[in-house]
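Peer 1: Based on what follows, work out the 3D shape:
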Amino acid sequence: MPTLPYDVLRPIITRERLSRSALCSLCLVSREFYGLANPRLFHTVAFSSIQLHQLHLFLQAITVDLILARNVVSLSIDTKLVTHATMRIFIDALPGLQMLHHLYCRSVAQCIQYDVRTIDYIAALPRLESFHILIPGYSTSAEERLLDRLSAMKHIRIDNSGSNVYRAGSSSLGRLLSRSKDTLEKLELVETDQSISVLADPHYPWSQVEELTVSMITSRSSARSFPNVRRLSVLSRKNAAIDVDALVDPTFFPHLTQLAVCTTGSVEGISVKRDIRHLFVELTAPSFFPFLTLFNWGAFRSLHLSWTRREPSGVLDTLHTVLEQCNHLRYLGFHSSESLHPDADVLPFLEVLNIPSGRYPASLRYIVLTVGHDKRQSQGQGRQSQGDFQTTRAERGVARGITRLFSSYPRLCHFQTTRGIRSEIWRKSGLDSPIGYVGALGGDRVGGKVFFKFVDEEDALTTNLDDVARFIDLEESMESSV
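Peer 2: Prediction:
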C-alpha cells in the first residue's frame, strides 16, 4: 500500500520518460500502483518488425479486455501483417479502441483487401485525429477509399515508397486535406517528389499548421501559404529542394523556431541571417560552415549535425568558430556513419570541442555523439592482441578528452556516445539528472568527479529533434521563472 497521497504519486508515475520496464514493475507492486501505471503503459504503443510475437499478444489482450483497449491513445505498427490470422485479430481489435487519437499500420491496405470492414472500423473511431499511411510503390484503391472516409484530421502523415503520392491517390488525399484545412496542425509528406506548391492558396492559407514536413519548397508562394509554421523539415537531398531566400528571410515562416534541412543549393551572396532556436543539418557538402553562416549563431539552443563521411575532422574543422559565438547553446548533437574503430572515432570530436581560443559556450549542458558500431564485434569476432592494445589506448584517450571537456565547459553535465542500442553516459557527480534521462549513474570513476555508465536505448538522452527542442525549451523556461 503506498504511503504517499494519490495526487503525489500520479504525476511521478505518469511522467513521460518513465521506461516501459519500470511501468511493468510498478504494475506488480499493488492494485493502487497497477491502476496508476497501467494506463500509462498502454498509452503509446509501437511495434517494429522484430516484435511480431509481442504484437500478437497485445492485440489479443485489447480484443478481450475493452477497458485495457480504452487506455490506448497512440498505436503504431511498423511491420507487415503477413498472415490472415494477424490481420484478423488487428481488425477485430479496432472497434474497442474508442480513445485512440493516432493510428499507423503498415499493412492497412492489405487489411482492407482482406476485410473491407476495416474502413468502417477506422472511420468510426470517435477520437481519431492523427493518421499515418504508407503509400506503396503501386497504386491501389484501398488507400483512396480509406482516405475518403476519414474525418477532418489534426495530423496527417503520408509516406511514399517509390511512387508519386499525388499520382497514387491524389484525389482522395486532396479531399482529405480540404476537409482538414481548418483543423490541420501537423502535415508530413515524406519521401515524395512533390513540392507543397500544389497546396499553395494565397486567399486561404493553412493558418492552423504549426509543423510541416515536405521534400521541397521551391516557391515563395508555398512558404506564404503556411504563415504560422514553427517547426519545418525539408530533408530532400535534391538540388534546390528549398528556396534559400524563403529559408532565411524572416518574412517567410515568421514564427519559425525549429528547422531540419539538408545543405543543398548555393548560399553565396546571402547576407540575411535567420534566428533559429533548434537546427538540424544533414550535410551533403564538404563542410557545415558555409550553410551555418545563414543563421544567427547566438540564437541556437540546440544544434544537430549529421553526415555520412567517415572522417569527421574535415567536416568539422571550422566548427569551433561557430561554437565560440553560440552564447545560448544548450545541446550539441553529432551523428556520423558506421566505422570499424568507433572508440578511435570519438577523438576527432573531442579535438573539435576543445576550442583553441578558450572561449567555450558557457550555456552548453548536453553533448550527444552517435557513431557507428564495430561490425566485427557485433558478429562475435574477436580482435587480435595488437588491436586490443590499440583500442585500450584509444579508450584512455577518450576518457582523458571527455574529462577535460567537463573542466572546460562550465555547465556541461551530460556527455553521451551511442553505438547501436547501447549508450555510454558521462556525467559529473552531484548534479541532478537532466530532463529525459532516467536512472542514477554509478560505475567507474574517470578523473576527478566524472562518472560513466552503460545504459540501454530507452534510458539514454533523446536525440530526436522534436523531443530535444521540447525539453530544452522547458528547461530554459523553468530556469527563467526561478
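Peer 1: Point out where the stretch 351-482 of the chain drops to low pLDDT.
Peer 2: 357, 372-396, 420-422, 429-459, 482 (pLDDT under 70).
Peer 1: Walking through it, point out its strands one by one.
Peer 2: 366-370, 414-419, 422-428, 450-456 (DSSP state E, counting those that start in this stretch).
Peer 1: Now for the protein, the helix or strand with the poorest mean pLDDT.
Peer 2: helix 375-378 (a mean of 40; mean pLDDT, DSSP states H and E).
Peer 1: any idea what sits nearest residue 302, other than its immediate chain neighbours?
Peer 2: Closest residue to residue 302 apart from its sequence neighbours, by CB to CB, 6 or more residues apart in numbering: residue 331 at 3.8 Å. In short, each C-beta sits where N, CA and C put it, glycine included.
Peer 1: What distance do you get for the closest residue to residue 43 other than its chain neighbours to residue 47?
Peer 2: Using CB to CB, 6+ apart and skipping residues adjacent in sequence, the residue nearest residue 43 is residue 73, 5.1 Å away. Computed as CB to CB, to the nearest Å, the residue 73 to residue 47 distance reads 15 Å.
Peer 1: Have a look at the two and say which one is more surrounded.
Peer 2: Neighbour count, other CB atoms under 10 Å: between residue 73 and residue 47, residue 47 has more, with 20 against 17.
Peer 1: Now do the contacts for that one.
Peer 2: 54-55, 58, 76-79 (CB atoms under 8 Å, 6 or more residues apart in numbering).
Peer 1: Mind checking which of those residues are in helices?
Peer 2: 54-55, 58 (DSSP state H).
Peer 1: Check the burial of residue 52 by counting its neighbours.
Peer 2: 17.
Peer 1: And it, how close does it get to residue 83?
Peer 2: 9 Å.
Peer 1: And for residue 398?
Peer 2: 47 Å.
Peer 1: Same question for residue 293.
Peer 2: Between residue 293 and residue 83 the computed distance is 54 Å (CB to CB).
Peer 1: Repeat that for residue 7.
Peer 2: As judged by CB to CB, residue 7 and residue 83 stand 46 Å apart.
Peer 1: Between the two, which is the more surrounded one?
Peer 2: Set residue 7 next to residue 83 and count neighbours by other CB under 10 Å: residue 83 wins out with 11 against 7.
Peer 1: Low-confidence bits of the stretch 151-300 of the chain, can you list those?
Peer 2: Within the stretch 151-300 of the chain, the segments meeting pLDDT under 70 span 161-170, 191-198, 200-202, 218, 236-243, 264-271.
Peer 1: try 90
Peer 2: Scanning the stretch 151-300 of the chain for pLDDT under 90 picks out 158-175, 177-178, 189-206, 213-227, 234-253, 261-274, 282-294.
Peer 1: now the helices for it?
Peer 2: 170-179, 220-224, 244-248, 289-292 (DSSP state H, counting those that start in this stretch).
Peer 1: would you list those helices in TSV and tack on mean neighbour count?
Peer 2: Shown next, in TSV, are those (neighbours: other CB atoms under 10 Å):
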stretch	mean neighbour count
helix 170-179	16
helix 220-224	19
helix 244-248	18
helix 289-292	17
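Peer 1: got those as CSV, with distance to residue 131 columns?
Peer 2: Below are the helices of the stretch 151-300 of the chain laid out as CSV (distance: least, CB to CB, whole Å):
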stretch, distance to residue 131
helix 170-179, 9
helix 220-224, 23
helix 244-248, 28
helix 289-292, 34
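Peer 1: tally of neighbours for residue 121?
Peer 2: 18.
Peer 1: For residue 361, give its distance to residue 94.
Peer 2: Relative to residue 94, and taking CB to CB, residue 361 is found at 50 Å.
Peer 1: Check residue 319 too.
Peer 2: Going from residue 319 to residue 94 by CB to CB gives 49 Å.
Peer 1: In three-state terms, label residue 62 for me.
Peer 2: Put simply, residue 62 is helix when judged by DSSP: H, G, I helix; E, B strand; the rest coil.
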